[in-house]
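S.K.: Need the 3D shape of this:
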Amino acid sequence: MAAPRTLTPLPDGWRFLQGDPEGAETQTLDDTAWQIVSVPHDWAIAGPFDQKAKAAGENGFLPNGVAWYRKLMNLKPQPGRRYFIEFDGIMERSGVWVNGHHIGHRPMGYVGQRYELTRHLRADGRNIIAVRADTSAAPSSRWYTGAGIYRHVRLIETDNIHIPQGGAYLRAVKIGDSQATIAVATDVQNASAAARGVKVQVVVTAPDGREVARTTTPVTSVAAGRIAIIPAAIALPNPQRWDIDDPALYRAAIRVIAVDGTILDNEDVRFGVRDARFDPATGFWLNGRNFKLKGVALHHDGGAVGAAVPLAVWRQRLTTLKAQGVNAIRTAHNVPSPEFLDLTDELGLVVMDELFDQWNVAKTPEDYHLFFGDWHKRDTLDMVRRDRNHPSIVLWSAGNEIHDTAYPVQAKAALRSILDIVHAADPSRPVTMALFRPNVTKDYENGLAICWMW
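M.R.: Residues are numbered from 1 along each chain as shown. A predicted model of the protein is given here:
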């Protein structure tokens, strides 16, 4: 049967303007004079360089400001279907409109964003997406951020009954030489007007493409307007383990099926089977082998190519690093692009995925501390749900040299909030953070740097 979910990349045909004209979000605006660009697109890297740039040397003496993107989509909505647009990253303080209707905004530039378009789409198919990206509040970072829609964009079409963003999660709960047990949790959202009975089928293929396991859950009733989490377990025979020397990757086809057998939604998830743990006395262990992590910290940009990094640049960079003996990456100091993590999965590099560079206390005047209180819970959850199936990730970092630690009551509350969200979304990995002058702020004495962080 034909797969009901369609995913359409949206790289081309975007019209771009550096500026903030009135009515840029409206459907009737004449944008024919705007520049035509492809995304990912980092407009700031084109310069000019200026010693007096507002964002100063931390941002490479490159420009900042407001820019707009618009795209005409010839999309005729169909009954019973849902339409979403997904951005892997917009830098920063972004807003998104469809046909003049504001459908969402996000202050952080590193978090993935998905917005539903369905109720605002025109039946005649002429639909305008408009995006405002704003880096004018500067300095907002201690390094080069880039500007604009600097990561990939895609259109997702699903049934009313579908798996929401980040809603498929697999993890190995037991690993032996002859068999591994894979726990699967699938969120199923019912956006229709009536309760529906559904079951979830999971089909696993091995690294060589052979089908090696399959299971189907009993029927579950999902109430109208609600999300049900449907668990399943897969017995995986003779598991091939993901390792730095043999990064074996399995693929799970997860299908949401109606009672009559119709496939309502499907999602393919790549995953690995590995046992990763940290021991206080001996350090890191992977699949029963103890070795030293020889790591580097990588920012999200690609140097001279800016923040819209071609995949070939990352492949060359990571391959060269591994050839030099590097086996671990710290994503300094925010989550990377999804394709970066796809590469670390494929190349066999261990990753510490870092979530934040600041909490409530600023490092630069206009940075994320202005939004942490309102947004960190949603941002944390979205980032962890997006990345939790990557076998290369063995550790989450809740923050990099967070300055809140000078105020231990505040710092403990913020950390506890992040920890609760991470562990609820992904109970399989520990959480750490880089402490800032811990001997000065007495983090080893006041209880901040203790094992409950893990």
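
S.K.: tell me the contacts of the closest residue to P237 other than its chain neighbours?
M.R.: Setting aside the residues directly before and after it, P237 is nearest to Q179 in space (C-beta to C-beta, 6 or more residues apart in numbering), at 5.7 Å. Where you see a C-beta, it was placed from the backbone N, CA and C, and this is true even at glycine. Shown in contact with Q179 (C-beta atoms under 8 Å, 6 or more residues apart in numbering): 235-239.

S.K.: What mean pLDDT does whichever strand or helix holds A252 get?
M.R.: With secondary structure defined by DSSP states H and E, A252 is part of strand 250-258. Strand 250-258 comes out with an average pLDDT of 97.

S.K.: helices or strands up against it?
M.R.: Helices and strands touching strand 250-258, as assessed by 3 or more C-beta pairs under 8 Å, 6 or more residues apart in numbering; DSSP states H and E, comprise strand 161-162, strand 168-175, strand 179-190, strand 196-205, strand 263-271.

S.K.: Can you tell me which of these is nearest to E354?
M.R.: Shortest distance between E354 and the helices and strands packed on strand 250-258, using C-beta to C-beta, is found for strand 168-175: 20.5 Å.

S.K.: Pairing partners for that closest one, with directions?
M.R.: Using DSSP bridges, strand 168-175 pairs in its sheet with strand 179-190 (antiparallel).

S.K.: correct me, but D268 touches R251?
M.R.: Yes - proximity of D268 to R251 meets the contact threshold set by C-beta atoms under 8 Å, at 6.0 Å.

S.K.: and the longest helix for the protein?
M.R.: Longest helix in the chain by number of residues (criterion: DSSP state H): helix 408-425.

S.K.: Quick one: the strands in the stretch 201-350 of the chain, in order.
M.R.: 211-216, 220-222, 227-237, 250-258, 263-271, 276-279, 283-286, 289-290, 295-298, 328-331, 350-354 (DSSP state E, counting those that start in this stretch).

S.K.: What is the neighbour count of H423?
M.R.: Neighbourhood size, H423 [other C-beta atoms under 10 Å]: 16.

S.K.: Give the closest residue to it in space, chain neighbours not counted.
M.R.: Leaving out its chain neighbours, H423 is closest to V431 (C-beta to C-beta, 6+ apart), at 7.3 Å.

S.K.: okay but that neighbour is in contact with I418, surely?
M.R.: Yes - taking contacts as C-beta under 8 Å, V431 lies within contact range of I418: 7.5 Å.

S.K.: Residues in contact with both of the two, list them for me.
M.R.: With contacts defined as C-beta under 8 Å, 6+ apart, the residues adjacent to both V431 and I418 are A398.

S.K.: follow-up on the earlier one: so the longest helix of the chain versus strand 168-175, what angle?
M.R.: Between helix 408-425 and strand 168-175, the angle comes out at 90 degrees (axes from the mean of the first three to the mean of the last three C-alpha atoms, to 10 degrees).

S.K.: Run the chain-centre distance for helix 408-425.
M.R.: Mean-position distance between helix 408-425 and its chain equals 20 Å (C-alpha atoms, centre = their mean, to the nearest Å).

S.K.: How about the contacts made by the nearest residue to A232 once chain neighbours are set aside?
M.R.: Closest residue to A232 apart from its sequence neighbours, by C-beta to C-beta, 6+ apart: V184 at 4.3 Å. Under the criterion of C-beta under 8 Å, 6+ apart, the contact partners of V184 comprise 168-170, 200, 202, 231-234, 252, 254.

S.K.: filter the residues you listed to the buried ones?
M.R.: Taking 16 or more other C-beta atoms under 10 Å as the criterion, what is buried in the contacts of V184 is 168-170, 200, 202, 232, 234, 252, 254.

S.K.: is it possible to export those to a markdown table including distance to N59?
M.R.: Rendered in a markdown table, the data for the buried ones among the contacts of V184 read as follows (distance: C-beta to C-beta, whole Å):
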| residue | distance to N59 |
| --- | --- |
| A168 | 37 |
| Y169 | 36 |
| L170 | 39 |
| V200 | 46 |
| V202 | 45 |
| A232 | 47 |
| I234 | 47 |
| A252 | 41 |
| I254 | 41 |
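
S.K.: all strands of the stretch 351-454 of the chain, in order?
M.R.: In the stretch 351-454 of the chain, the strands defined using DSSP E, counting those that start in this stretch lie at 393-400, 431-434.

S.K.: ok, E92 touching G148?
M.R.: No - contact criterion C-beta under 8 Å: E92 and G148 do not qualify, at 9.8 Å.

S.K.: Residues that sit against both of these two, list them.
M.R.: Common contacts of E92 and G148 (C-beta under 8 Å, 6+ apart): A133.

S.K.: Look at these two and report which has more neighbours.
M.R.: Between E92 and G148, counting by other C-beta under 10 Å, G148 is the more crowded of the two (31 against 28).

S.K.: which ones are touching V200?
M.R.: The contact partners of V200, by C-beta under 8 Å, 6+ apart, come to 184, 186, 188, 216-217, 220, 230, 232, 254-257.

S.K.: if you set the cut-off to 10 Å instead, what comes out?
M.R.: Applying C-beta atoms under 10 Å, 6 or more residues apart in numbering, we find V200 in contact with 163, 168, 184-186, 188, 215-220, 228, 230-232, 254-257, 265.

S.K.: returning to what we had before: what pairs with the strand holding A252, parallel or antiparallel?
M.R.: Looking at strand 250-258 with DSSP bridges, its paired strands and their directions are strand 196-205 (antiparallel), strand 263-271 (antiparallel).

S.K.: can you tell which of the ones you listed is closest to E22?
M.R.: strand 263-271 (40.2 Å).

S.K.: how about that closest one: buried residues?
M.R.: Neighbour counts over strand 263-271 (16+ other C-beta under 10 Å) mark 263-267, 269, 271 as buried.

S.K.: Could you do stretch 434-450 as well?
M.R.: 434-436, 438, 441, 443, 448-449.

S.K.: Between V431 and I418, point out the one with more neighbours.
M.R.: For V431 and I418, the more surrounded residue by other C-beta under 10 Å is I418, and the numbers stand at 24 against 20.
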